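[1] Kindly return the folded structure for what I paste below:
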Amino acid sequence: METSRPEIDLQRCFREAWHGFSLWWIPLCTVSAIGFVSAWVRRTHMKATLAHPFAPFVDAWRLLWAHPSPDGAEQFIATCQRLIADPAVGPPLMTALMTVIKVALVFTVVACVLNVAIVVIAKNAVQPRKESIDVRRYAKRSPLLAASYAVLALIKVVPFFFFVLPGVVLYVRLYFTSFLITEESASPFTAMRQSWIMTRGVFMPLLMLFIANVGVDLIAAVTIVGFIPANSFNYTLRAAAYRQLSAAGLRGVPDQEGPRGTGN
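    Okay, here's the model as predicted:
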């Protein structure tokens with residue numbers, strides 16, 4: 001016999017998200033602010049590191065852009081090859097690229113750890129009763145969690161660059177992967193499968209939440225500082241929906257699919 005799917009109360013989600021944000025706004029905004037500053041420092045450092053070594057390549061690209069032609073493209077490629085072979089350009093360029101790669105790796109780990117922190121705080125913010133956060137537990141798992149978030153980011157973001165609508169569907173179906181990673185499994189593939197099961201039958205309400213997240217981000221884009229509380233509120237909104245489905249007993253675990261599969 002097939003069991004009914006739980007419903008998501010959107011009004012309740014917004015109410016719980018706002019209540020949780022109002023109680024936990026200091027740690028939520030603090031983590032978001034650290035993440036924002038870290039991203040700004042990374043971009044600034046990379047831009048400054050690559051500005052001088054890449055200047056000749058930028059000049060060659062601008063020349064091609066001003067006069068596009070097949071001959072111009074061949075000349076651009078030949079210019080790049082000559083610059084790379086030039087001892088005054090090639091070695092500094094490779095040094096700058098290695099520096100950028102190192103900085104990118106360090107800040108990727110930092111961003112992943114901050115993402116774990118804000119997910120944990122947002123999830124705790126919408127709990128009926130405050131629970132202590134086991135910092136030691138998440139600290140021990142942070143390297144594996146960071147790797148999981150890196151894989152998840154690639155899988156969720158890449159489709160947007162090619163197919164927007166399928167990318168939105170994929171993003172919504174993997175809406176709770178971050179929470180499942182921090183709570184149940186550090187494996188990104190297991191968490192994605194659980195999120196896919198968990199969001200079955202509730203796609204439209206989650207799509208409304210996704211649109212609301214995008215709307216909040218667009219409003220916050222007017223001011224740089226506004227992104228910090230907007231990002232924090234969006235996480236509590238997602239956590240509120242996750243708590244509703246979790247409280248209904250739908251945790252996305254594979255063995256819950258057994259009765260539904262045998263009943264069809």
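[2] following the lengthiest helix in the chain, which helix or strand comes up?
    When the chain is parsed with DSSP state H, its longest helix is helix 10-66. Next helix or strand after helix 10-66 toward the C-terminus (DSSP states H and E): helix 70-85.
[3] three-state assignment of residue 225?
    The three-state assignment at residue 225 reads coil, by DSSP: H, G, I helix; E, B strand; the rest coil.
[4] Run a quick neighbour tally on it.
    Residue 225 has 11 neighbours, counted by other CB atoms under 10 Å. Glycine gets a C-beta too; all of them are placed from N, C-alpha and C.
[5] Point to the residue nearest the middle of the protein.
    By CA atoms, centre = their mean, the chain has its centre lying nearest to residue 153, at 5.3 Å.
[6] Okay, that residue and residue 239: tell me how far apart.
    Residue 153 is 19 Å from residue 239, where distance means CB to CB, to the nearest Å.
[7] Next: residue 105.
    Distance from residue 105 to residue 239, by CB to CB: 29 Å.
[8] same check, this time on residue 13
    From residue 13 to residue 239 the distance is 9 Å (CB to CB).
[9] likewise residue 194?
    Residue 194 is 16 Å from residue 239, by CB to CB.
[10] If you count surrounding residues, which of the two has more?
    Each of residue 194 and residue 239 has its neighbours counted (other CB under 10 Å); residue 239 has more, 29 against 24.
[11] Please name the residues that touch that one.
    Applying CB atoms under 8 Å, 6 or more residues apart in numbering to residue 239 gives the contacts 17, 20, 119, 122, 123, 125, 126, 179.
[12] The fifth one against residue 178, yeah?
    This means residue 123. No. Contact criterion CB atoms under 8 Å: residue 123 and residue 178 do not qualify, at 9.3 Å.
[13] Who has more neighbours out of these two?
    residue 178 (28 against 24).
[14] Tell me the secondary structure at residue 222.
    coil.
[15] For residue 127, which residues are in contact?
    Going by CB under 8 Å, 6+ apart, the list of residues near residue 127 reads residue 243.
[16] tell me the secondary structure for it?
    Secondary structure, three-state DSSP: residue 127 is coil.
[17] ok, so what distance separates it from residue 239?
    Residue 127 is 9 Å from residue 239, by CB to CB.
[18] cool, residue 181 as well?
    Counting by CB to CB, the gap from residue 181 to residue 239 is 13 Å.
[19] do the same with residue 76
    49 Å.
[20] where does the stretch 101-250 of the chain have low pLDDT?
    Where the stretch 101-250 of the chain drops to pLDDT under 70, the residues are 130-135, 137-145, 156, 159-164, 184-186, 248-250.
[21] For the contacts of residue 239, pick the one with the most neighbours.
    residue 122 leads the contacts of residue 239 on contacts (other CB under 10 Å) with 28 neighbours.
[22] now the angle from the helix or strand residue 240 falls within to helix 10-66?
    According to DSSP H and E, residue 240 maps onto helix 227-247. Angle of helix 227-247 versus helix 10-66, following axes from the mean of the first three to the mean of the last three CA atoms, to 10 degrees, is 130 degrees.
[23] what comes up buried for helix 227-247?
    Judged by neighbour count (16 or more other CB atoms under 10 Å), helix 227-247 contains these buried residues: 227-246.
[24] Other residues contacting stretch 201-210?
    5-8, 10, 13, 168-169, 171-173, 175, 199, 237-238, 241, 245.
[25] Buried ones from these, can you make that a PyMOL selection?
    The PyMOL selection below is limited to those of the contacts of stretch 201-210 classed as buried (16+ other CB under 10 Å):
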select buried, resi 6+8+10+13+168+171+172+173+175+199+237+238+241+245
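[26] What segments of the stretch 51-200 of the chain are strands?
    For the stretch 51-200 of the chain, no strands are identified by DSSP state E, counting those that start in this stretch.
[27] And the helices in it?
    70-85, 90-125, 135-157, 164-173, 177-183, 188-198 (DSSP state H, counting those that start in this stretch).
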